[in-house]
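Q: fold the following and give me the result.
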Amino acid sequence: MQSRALATEEGKDPANTTRANHSRVLPLRLLQIFGLFLVLCVAFSVISVYMTKRFGVSTTLTSTQSSFQPCFEEVVGLDPWIKPPSTLLHTMNDTELFWRASFAPKVKKYPFQRVPKIAFMFLTKGPMPLAPLWERFLKGHEGLYSIYIHSMPSYRPGFPASSVFYRRQIPSKVAEWGRMSMCDAERRLLANALLDISNERFILLSESCIPLYNFSLIYLYTMNSKHSFMSAFDDPGPFGRGRYNPNMKPEVTISQWRKGSQWFEVSRKLAVSMVEDTTFYRKFEEFCRPACYSDEHYFPTMLTILSGNLLANRSLTWVDWSRGGYHPATFGKSDVTEEFLHRIISNHKCIYNGQPSSTCFLFGRKFAPSTLEPLLRLAHKQLGF
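A: Reported below is the predicted structural model:
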């Protein structure tokens, strides 16, 4: 009692003393736990570094950190825009394809060295029996042309890997003569060719077409032309204006109605116009059906309205209508002679870049498969390749 009283008198309560001793023990334990944690962390780090250097093993934490890619490291250059597609096969439908193909730069000067190319677009049913002639025509001019083939969807071409036609078939659909599905096929060819920014001139051909001159002449003729070559004329007769439907107004009036050859050559600018159109397409799809043949009227009418000053108003593909009928003459093996080829090339008059010219047709049609042998034999002397 006396000692407790003494302690109380001196201001030292035993309960307070016990709590003070306990508070000094608690920080010590926390320090011990923290120190143990630091030791474990250091040990873990040392083991991780050793395992990585020794065995190439990284921890989960390390791999998680290394997989992080800051957004500023994702560098996108010009290549995706200027390189042609690595394959012509794609999963785009027509709407997606036409939308993608309609992209056009507003700046006219290209920020890279662009070599303009000709896109040869073959609209076929299947086989291309005259392919060896085209192989010879194109030989040695790699980098100046591209090839695209639209055939029946069921057709599987068997070109060897060494052929210029190898894997040049685009995703295709059935095309019926005289209907809008034929124009769809032509737009499909144009759209796929437009995906290559280097394609500058676009030529529509069939499996029965042949070149009438060597590649160099055709390349310079088309590249230097101020106009695109599409026949578009006003036919007042029953097979011209007689096919016009008044329901096409106001987009197309009868005075704007045109007729022309299906086989054309157009610039990149007009190719984009043909692919991106929706206004005229709807009218022709609904109101131009047999006996109105859309492949003879749609493009000639549309381009006359939109860019008539850019058309030469003639085709580069020669055909023979002298035998009459709904289709031009087809030529067989016995038809192909030196005199015959000379007649096709010579005795023509036309306007080229505002000047008179005798070089008017660059291609000929319709040549049967049997003409391949005489064409190969006479090509060097008569056609220049």
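Q: lowest-scoring secondary structure element of this structure by mean pLDDT?
A: Lowest mean confidence among the helices and strands of the chain (mean pLDDT, DSSP states H and E): helix 2-9, at a mean of 40.
Q: hmm, residue 294 is touching residue 179, no?
A: Yes. Counting by C-beta atoms under 8 Å, residue 179 is a contact partner of residue 294 at 6.4 Å. (Glycine included, C-beta is placed from N, CA and C.)
Q: neighbour count winner among those two?
A: It is residue 294, of residue 294 and residue 179, that has more neighbours when counted by other C-beta atoms under 10 Å, with 23 against 18.
Q: could you report the distance from the more buried one to residue 252?
A: Using C-beta to C-beta, to the nearest Å, residue 294 is found at 12 Å from residue 252.
Q: repeat that for residue 38.
A: For residue 38, the distance to residue 252 - C-beta to C-beta - is 84 Å.
Q: between the two, tell me which one has more neighbours.
A: Neighbours per residue (other C-beta under 10 Å) separate residue 38 from residue 252, with residue 252 holding more: 26 against 10.
Q: give the contact list for the more buried one.
A: Contacts for residue 252 (C-beta atoms under 8 Å, 6 or more residues apart in numbering) come out as 244, 280, 283, 301, 305.
Q: what do you get for residue 322?
A: residue 329.
Q: three-state assignment of it?
A: coil (DSSP: H, G, I helix; E, B strand; the rest coil).
Q: the one 4 residues further on too?
A: Recorded secondary structure, residue 326: coil (three-state DSSP).
Q: count of residues packed around it?
A: 6.
Q: relative to residue 259, how far out is it?
A: Remark: distance between residue 326 and residue 259 (C-beta to C-beta) = 14 Å.
Q: try residue 303
A: Using C-beta to C-beta, residue 303 is found at 13 Å from residue 259.
Q: closest to residue 379 out of the contacts of residue 252?
A: Nearest to residue 379 among the contacts of residue 252: residue 301, at 36.9 Å, using C-beta to C-beta.
Q: ok, now which ones touch the nearest residue to that closest one once chain neighbours are set aside?
A: Closest residue to residue 301 apart from its sequence neighbours, by C-beta to C-beta, 6 or more residues apart in numbering: residue 258 at 4.5 Å. For residue 258, the contacting residues are 232, 233, 234, 297, 300, 301, 304, by C-beta under 8 Å, 6+ apart.
Q: put the buried members of the residues you listed into a PyMOL selection.
A: Those of the contacts of residue 258 that count as buried under 16 or more other C-beta atoms under 10 Å are selected in PyMOL with:
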select buried, resi 232+297+300+301+304
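Q: who's more crowded, residue 303 and residue 259?
A: Each of residue 303 and residue 259 has its neighbours counted (other C-beta under 10 Å); residue 303 has more, 24 against 19.
Q: so the more buried one: helix, strand or coil?
A: helix.
Q: for residue 338, see how far away it is.
A: 38 Å.
Q: and if you look at residue 35?
A: For residue 35 relative to residue 338 (C-beta to C-beta), the value is 103 Å.
Q: and the most centrally placed residue in the chain, what does it touch?
A: By C-alpha atoms, centre = their mean, the chain has its centre lying nearest to residue 195, at 2.4 Å. By C-beta under 8 Å, 6+ apart, the contact set of residue 195 is 84, 85, 100, 101.
Q: dump the residues you listed to a markdown table, plus secondary structure, neighbour count and distance to residue 200.
A: Below are these laid out as a markdown table (DSSP: H, G, I helix; E, B strand; the rest coil; neighbours: other C-beta atoms under 10 Å; distance: C-beta to C-beta, whole Å):
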| residue | secondary structure | neighbour count | distance to residue 200 |
| --- | --- | --- | --- |
| 84 | coil | 14 | 13 |
| 85 | coil | 10 | 17 |
| 100 | helix | 15 | 18 |
| 101 | helix | 22 | 15 |
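Q: closest one of those to residue 112?
A: residue 84 (13.4 Å).
Q: isn't that closest one up against residue 146?
A: Yes. Counting by C-beta under 8 Å, residue 84 does reach residue 146; the two are 7.2 Å apart.
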